[in-house]
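> output the structure for:
(one chain, ligands or ions: 3)
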Amino acid sequence: MTSEDVTLMVDDSKLPQHIAIIMDGNGRWAKRRGLLRIAGHSRGIDSVRAVVTECARLKIGYLTLYAFSYENWQRPADEIEALMHLLTEYLIEEKQELLDNGIALGSIGDISRLPEHSQNALGDVAEMTRDMTGMKLNLALNYSGRQEILRAVQKITRVCSEGALDPSGIDESTFGAFLDTYGQPDPDLLIRTSGEMRVSNFLLWQIAYTEIYVTDVLWPDFREEELHRAIADYQKRTRKFGKVL
Ligand code: IPE
Ligand code: IPE
Ligand code: MG
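Ligands and ions are numbered 1, 2, ... in the order given. Now for the predicted structure:
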């Protein structure tokens, strides 16, 4: 199948509104080439650029990329430092491209633990792209679904103890409003590259009814054509949400 055939497989009238991606396999990509892991992360940034621009072109409303997990702090210090520098560089180099494509950048996760240069770059680009009305790009940084839920519980109990909220009135939508993804629809499609059949603490609350697509393709090799393949696969699914159709 040619790349043109794959593009034609995507039905523009049935696009997912929100795509979330677990960008995995940078280390394996590098290892297979006898390179350092960081070379895989660096090549992975090229995939981020390609996928972000293509999602915006397709008019996907929301794209959430798992860039660094809460558990990833357990990696070697030099890998973490290199990842944070790649993040900051990406943000600085990409801000014009984001503006040109109408993309608003934000983050989920507790970014207060990131190095200052990354926090500053995130703040700058978020501020510069705030009024963009095209796609919303969320970078998940120091992100953990369980931590996000715990933070929400802490905020809710505080609001309840101040008397501003009645605990018996907390429903799914009230709870969702205390999550980092507040105001955004749940992902329709979750893509994981590199073949691992797990969610690794990503968006635990939000993926209740998300369609999951796992590919063996490593993240640095995941480009427009692979994205189209994932969307086309999603478009063949029947979403039932527990009902009888
Ligand atoms: C994903 O690639 C990037 C991050 C988690 C930051 P990995 O670094 O996990 O790559 P593998 O899984 O070791 O191949
Ligand atoms: C998930 O990948 C986190 C990101 C992609 C940022 P990991 O490589 O950290 O996940 P595990 O350890 O294989 O579950
Ligand atoms: Mg991994």
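> how about the helices in this structure?
3-8, 26-32, 37-57, 77-100, 116-128, 145-161, 172-176, 224-235 (DSSP state H).
> got any ranges where the protein has weak pLDDT?
1-4, 6-8 (pLDDT under 70).
> tell me which residue of it lies closest to ligand 2.
Ser200 (3.7 Å; Cβ to the nearest ligand atom). All C-beta atoms are positioned from the backbone trio N, CA, C, and that covers glycine.
> quick check: that residue touching Ser69?
Yes. The criterion here is Cβ atoms under 8 Å, and Ser200 meets it with Ser69 at 6.5 Å.
> compare neighbour counts for these two and give me the winner.
Ser69 (21 against 14; other Cβ atoms under 10 Å).
> and Lys122, how far from Ser107?
One correction, residue 122 is Leu, not Lys. Counting by Cβ to Cβ, to the nearest Å, the separation of Leu122 from Ser107 is 6 Å.
> shared neighbours of the two, which are they?
Leu139, Leu141 (Cβ atoms under 8 Å, 6 or more residues apart in numbering).
> so for the two, which sits in the more crowded spot?
Using other Cβ under 10 Å as the criterion, Leu122 and Ser107 rank with Ser107 on top: 23 against 20.
> list the contacts for the more buried one?
With contacts defined as Cβ under 8 Å, 6+ apart, Ser107 is in contact with Leu122, Ala126, Asn138, Leu139, Ala140, Leu141, Asp180.
> redo those as TSV? Include distance to ligand 1.
Below are the contacts of Ser107 laid out as TSV (distance: Cβ to the nearest ligand atom, whole Å):
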residue	distance to ligand 1
Leu122	16
Ala126	21
Asn138	16
Leu139	12
Ala140	10
Leu141	10
Asp180	18
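> and which of those is nearest Leu58?
Distance to Leu58, by Cβ to Cβ, is smallest for Asn138 among the contacts of Ser107, at 16.9 Å.
> show me which residues of this protein are close to ligand 1?
Met23, Asp24, Gly25, Asn26, Gly27, Arg28, Phe68, Asn72, Leu83, Ser194 (Cβ under 6 Å from any ligand atom).
> most neighbours of all those, which one?
Most crowded among the residues of the chain next to ligand 1, counting by other Cβ under 10 Å, is Gly25 at 26 neighbours.
> quick check: the farthest pair among the contacts of Ser107?
That would be Ala126 and Ala140, which, of these, are the farthest apart (Cβ to Cβ) at 14.2 Å.
> in terms of neighbours, single out the busier of the two.
Using other Cβ under 10 Å, the more surrounded residue of Ala126 and Ala140 is Ala140, with 26 against 16.
> so who does Ala177 touch?
Gly183.
> quick check on it: phi, psi?
Note on Ala177: its backbone torsions stand at phi -70, psi -10 [degrees, to the nearest 10].
> and it, how far from Tyr209?
Using Cβ to Cβ, one gets 19 Å for the distance from Ala177 to Tyr209.
> same deal with Trp73?
For Trp73 relative to Tyr209 (Cβ to Cβ), the value is 30 Å.
> in stretch 231-245, what's buried?
Ile231, Ala232, Tyr234, Gln235 (16 or more other Cβ atoms under 10 Å).
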